[in-house]
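S.K.: Here's my sequence, what's the structure:
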Amino acid sequence: MSNLDYLGTSAPSMVLYLPHRPNGLDRLVRTPDARLLMDGNSNHWRKIVTLLAKVACPDEDWRGFRDEALFQHTALCFAPRLIDGATWHWIGGKENLLRFGLEVSNAEALPDAPDVAIDIENRILLTPYPDYRQLSNATVSQIRTALTAAGFFTADLGATFSSSP
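M.R.: Okay, the predicted model is just below:
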């Protein structure tokens, strides 16, 4: 896989797969930094990074997690193949999912968010493209509840994510 296909830690708890790359990826790959990614790109990327932080953060301090630790624990991938070693795979967007050619028949829709589905066995989260219009705070809360029930925020994982000193 090309260096420009991946941004983040080599052992992510969650990888968000997207079909488009941000500007300045060649520089960001060397030093993954959410603030630099947001500063060098449009508000569109701020929304994506913020939603990743809101979903993956082990506590309520998603801003601190986003700004200080996001890419120490998560990653973005732009190639259509699941990354080995990732704890969870988040594929954003139906068209993006088609690039993977995955069988996701085990994915169950969330009761109050029918456009969001989780395949617990394969640790795959399927959502609309990560945008505030598609993934409201209420939907993010439902995703976090489902991930909690699936064991995403275990005690050991949460300890590695601590965003407070």
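S.K.: which ones are touching L7?
M.R.: By Cβ atoms under 8 Å, 6 or more residues apart in numbering, the residues touching L7 are L25, L28, V29, P32, L37, F71, A75, L76, C77. Every C-beta, even on glycine, is put in place using the N, C-alpha and C of the backbone.
S.K.: Surely it is within a helix?
M.R.: No: read with DSSP: H, G, I helix; E, B strand; the rest coil, L7 is strand and lies in no helix.
S.K.: so it bridges to which residues?
M.R.: L76 (DSSP bridges).
S.K.: pLDDT at it, what is it?
M.R.: Here, the pLDDT recorded for L7 equals 96.
S.K.: could I get stretch 39-47 in CSV with only the CA atoms?
M.R.: What follows is stretch 39-47, C-alpha atoms only, in CSV (Å, rounded to 0.1, in the frame of the first residue of the first chain):
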residue,chain,number,x,y,z
ASP,A,39,-5.9,23.8,9.0
GLY,A,40,-4.7,22.7,5.5
ASN,A,41,-8.1,21.6,4.2
SER,A,42,-11.7,22.7,3.9
ASN,A,43,-14.4,22.6,6.6
HIS,A,44,-15.3,19.2,5.0
TRP,A,45,-12.2,17.6,6.5
ARG,A,46,-12.8,19.3,9.9
LYS,A,47,-16.2,17.6,10.0
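S.K.: Contacts made by it with the rest, please.
M.R.: P22, N23, G24, L28, L37, M38, P130, D131, Y132.
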